[in-house]
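1. Build me a structure from this.
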Amino acid sequence: MFEIIFLSALSLYFIQLIIFSIGASKKFPKIKDEILPKITVIVAARNEENNILDCLKSLDELIYPEDKIEIIVVNDHSTDKTGELIDSFIKDKPKFKSIIPTQQIGSLKGKTNALANAIKLAKGEIILTTDADCIVSPTWAKTLVSYYQKDVGFVGGFTTQQDYNTFAGMQAIDFVFLLTVASGALNLGKPLSCIGNNMSYRKSAYEEVGGYESLPFSVTEDFNLLMAIHRLKKYKILYPLDAGSLVVSKPCPDFKTLYWQKKRWGVGGIESEIIGYLIMLWGYITHFCMLLTPFLFSYTSLYLCFFKIFIDYFFVYPVFKKLNLKLKIKHFLAFEIYFIIYVIILPFIVLPNRKVVWKGREF
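-> Just a heads-up that it's a prediction; the model follows:
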């Protein structure tokens, strides 16, 4: 009976990954360089003195027409040297602007209020967002914006993480794995997730949904906005697999920070549609069966465990290749162990309470 349950769940899990791979591989038309629209890049930073300069340097190197780009850096009431570093870096760079979010917009909190303040000042037709602990590729903005045909309202991009050791490497693979699922599902018309450090949207679409202040509070404001634009049923929403729009972020430095990141994502995932829960269900059962295999051992269940690892590898390997990244075996094996553990325990972390601590604030 155990083997039948394992095989059934793994079969559905396998089919899902095939579907996501098909969706993530979809190609989309691009606009010509000469009609690229004006854009506003927004970075919200709170206590990021160790990261902000690398981020700003990468933004300064963006390849985009100088008369069509502005970059707004929001110092979200930092208590360290973040504000000083921002002001020093941008003082002779006219495309940059620094603000402190003094306006309380609706009942918005933290980062969402910081973003909403910046969007009100944005002059660009397209808004792009990234985080202060990220480094964007020089072609990032141009690549994302090139997908904005007239009927496109949202374009997401892929993010990985620096993989300088095994702990960081497993997080990098987790990012790529989850974003491939997000890309595949969204490109097939079923938005499940996105990531705020690599996303873009039309300012007019943002205004049509009433801005962040008109949306229910969420600790994953990026996904909240994506779903609001999706519900308009007016715009195409794209998630292309394109190395030109890759963003590299810094991994969580320790398990405590990683715990709160996963909980924040898990709490945000509660807002998913029913299809999201079904996808999580097959994944949960598959990983739970893997965890039980040493206790209900058989060669069949062992083979199924190896097959699950095999299909995960060949799910992410082509994506790594298309993003010009190297998939390291030892990092992948660490990811598989980590993947099993967090999938099993996440419901027990999220369901009892939805408290989230992030960037020194409690939500």
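2. Export the one helix or strand Leu281 maps to to PDB, keeping only CA atoms.
-> Assigned by DSSP states H and E, Leu281 belongs to helix 274-292. Extracted in PDB, the C-alpha atoms of helix 274-292 (Å, rounded to 0.1, in the frame of the first residue of the first chain):
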ATOM      1  CA  ILE A 274      -6.900  25.800  -5.200                       C
ATOM      2  CA  ILE A 275      -4.500  24.700  -7.900                       C
ATOM      3  CA  GLY A 276      -1.600  25.900  -5.800                       C
ATOM      4  CA  TYR A 277      -2.700  23.700  -2.900                       C
ATOM      5  CA  LEU A 278      -3.000  20.700  -5.200                       C
ATOM      6  CA  ILE A 279       0.500  21.200  -6.400                       C
ATOM      7  CA  MET A 280       1.800  21.500  -2.900                       C
ATOM      8  CA  LEU A 281      -0.200  18.400  -1.900                       C
ATOM      9  CA  TRP A 282       1.500  16.100  -4.400                       C
ATOM     10  CA  GLY A 283       4.900  17.500  -3.500                       C
ATOM     11  CA  TYR A 284       4.100  17.000   0.200                       C
ATOM     12  CA  ILE A 285       3.000  13.400  -0.100                       C
ATOM     13  CA  THR A 286       6.100  12.600  -2.300                       C
ATOM     14  CA  HIS A 287       8.500  14.100   0.200                       C
ATOM     15  CA  PHE A 288       6.700  12.400   3.100                       C
ATOM     16  CA  CYS A 289       7.000   9.000   1.400                       C
ATOM     17  CA  MET A 290      10.800   9.700   0.900                       C
ATOM     18  CA  LEU A 291      11.100  10.400   4.600                       C
ATOM     19  CA  LEU A 292       9.200   7.200   5.500                       C
END
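3. buried sites along the helix or strand following it?
-> Using DSSP H and E, the helix or strand that follows helix 274-292 in sequence is helix 299-322. Going by neighbour count (16 or more other CB atoms under 10 Å), the buried part of helix 299-322 is 301, 304-305, 308, 312-313, 315-316, 319-320. Yep, even glycine has a C-beta here, placed from its N, CA and C like the rest.
4. same deal with stretch 84-93?
-> In stretch 84-93, counting by 16+ other CB under 10 Å, buried: 85-86, 89-90.
5. Just the pLDDT for Phe223.
-> On pLDDT, Phe223 comes in at 85.
6. In helices, which of the buried residues of stretch 84-93 fall?
-> Taking DSSP state H as the definition of helices, the buried residues of stretch 84-93 contribute 85-86, 89-90.
7. Next, the angle helix 274-292 makes with the host helix or strand of Ile4.
-> Assessed by DSSP H and E, Ile4 sits inside helix 2-24. With axes from the mean of the first three to the mean of the last three CA atoms, to 10 degrees defining the directions, helix 2-24 sits at 130 degrees from helix 274-292.
8. Convert helix 2-24 to PDB, retaining C-alpha atoms only.
-> Once non-C-alpha atoms are left out, helix 2-24 reads as follows in PDB (Å, rounded to 0.1, in the frame of the first residue of the first chain):
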ATOM      1  CA  PHE A   2       2.800   2.400   0.900                       C
ATOM      2  CA  GLU A   3       4.500   1.800  -2.500                       C
ATOM      3  CA  ILE A   4       1.300   2.400  -4.300                       C
ATOM      4  CA  ILE A   5       0.700   5.700  -2.600                       C
ATOM      5  CA  PHE A   6       4.400   6.700  -3.200                       C
ATOM      6  CA  LEU A   7       4.200   5.700  -6.900                       C
ATOM      7  CA  SER A   8       0.900   7.600  -7.400                       C
ATOM      8  CA  ALA A   9       2.100  10.800  -5.700                       C
ATOM      9  CA  LEU A  10       5.400  10.700  -7.500                       C
ATOM     10  CA  SER A  11       3.700  10.100 -10.900                       C
ATOM     11  CA  LEU A  12       1.600  13.300 -10.400                       C
ATOM     12  CA  TYR A  13       4.700  15.100  -9.200                       C
ATOM     13  CA  PHE A  14       6.500  14.000 -12.300                       C
ATOM     14  CA  ILE A  15       3.700  15.100 -14.600                       C
ATOM     15  CA  GLN A  16       3.600  18.500 -12.900                       C
ATOM     16  CA  LEU A  17       7.300  19.100 -13.500                       C
ATOM     17  CA  ILE A  18       6.900  18.200 -17.200                       C
ATOM     18  CA  ILE A  19       4.100  20.700 -17.500                       C
ATOM     19  CA  PHE A  20       6.100  23.400 -15.700                       C
ATOM     20  CA  SER A  21       9.100  22.800 -17.900                       C
ATOM     21  CA  ILE A  22       6.900  23.300 -21.000                       C
ATOM     22  CA  GLY A  23       5.400  26.500 -19.600                       C
ATOM     23  CA  ALA A  24       8.800  27.900 -18.600                       C
END
